[in-house]
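> Using only what follows, build the 3D model:
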Amino acid sequence: MSEQAISVVICVYTEDRWEDILAAVDSVVHQSLPALETLLVVDHNPALLVRLGQEYKEHTGAKEHTRDGEVRVLANAGPRGLSAGRNTGIAASRGGIIAFLDDDAVAERDWLLHFAAGAAI
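A predicted model of the protein is given here:
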């Protein structure tokens with residue numbers, strides 16, 4: 001675990017927000033301070049889990065190991081809901097700092113830079 005590296009967790013639950021989810025991930029991938037990883041936690045929606053897994057496997061060349069900047073798709077390991085989804089993301093993260101982004105939000109380009117600066121205080 002890297003102490004100052006930032007993991008971003010985005011909890012998702014519906015395919016109705018497909019374009020929003022892609023935009024949220026894209027906004028994290030293009031940060032001025034790159035995230036160590038982006039974790040997409042799917043809340044008890046098998047079809048969405050498969051679809052996102054296919055989407056990001058193609059783009060990340062997902063393998064058994066993880067690498068910096070990777071987008072990982074995970075199933076919520078707990079009961080349905082945001083709290084369990086976030087806990088799943090926390091348990092799977094490798095960063096020393098964890099940032100949460102809503103699935104219908106787009107982060108400003110310097111979001112993680114400011115986040116890291118605040119964490120350093």
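> any idea how far Leu112 is from the closest residue to Ala47 other than its chain neighbours?
Distances taken as CB to CB, 6 or more residues apart in numbering put Glu15 closest to Ala47, at 6.6 Å, once the chain neighbours are dropped. The way it works is simple: take the backbone N, C-alpha and C, and place the C-beta from them, glycine included. Remark: distance between Glu15 and Leu112 (CB to CB, to the nearest Å) = 27 Å.
> neighbour count winner among the two?
Leu112 (22 against 12; other CB atoms under 10 Å).
> hmm, which helix or strand of the protein has the shakiest average pLDDT?
Within the chain, no helix or strand scores below helix 46-60, which has a mean of 86 by mean pLDDT, DSSP states H and E.
> buried ones in that helix?
Across helix 46-60, burial judged by 16 or more other CB atoms under 10 Å covers Leu48, Leu49, Arg51, Leu52, Gly53, Glu55, Tyr56, Thr60.
> send the alpha carbons of it over as PDB?
What follows is helix 46-60, C-alpha atoms only, in PDB (Å, rounded to 0.1, in the frame of the first residue of the first chain):
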ATOM      1  CA  PRO A  46     -24.800  -9.000 -12.700                       C
ATOM      2  CA  ALA A  47     -25.500  -7.600 -16.200                       C
ATOM      3  CA  LEU A  48     -23.800  -4.300 -15.300                       C
ATOM      4  CA  LEU A  49     -20.800  -6.200 -13.700                       C
ATOM      5  CA  VAL A  50     -20.300  -8.100 -17.000                       C
ATOM      6  CA  ARG A  51     -20.700  -5.100 -19.200                       C
ATOM      7  CA  LEU A  52     -18.300  -2.900 -17.200                       C
ATOM      8  CA  GLY A  53     -15.900  -5.800 -16.900                       C
ATOM      9  CA  GLN A  54     -15.800  -6.100 -20.700                       C
ATOM     10  CA  GLU A  55     -15.500  -2.400 -21.200                       C
ATOM     11  CA  TYR A  56     -12.500  -2.000 -18.900                       C
ATOM     12  CA  LYS A  57     -10.800  -5.300 -19.700                       C
ATOM     13  CA  GLU A  58     -10.500  -4.000 -23.300                       C
ATOM     14  CA  HIS A  59      -9.000  -0.700 -22.200                       C
ATOM     15  CA  THR A  60      -6.700  -1.900 -19.400                       C
END
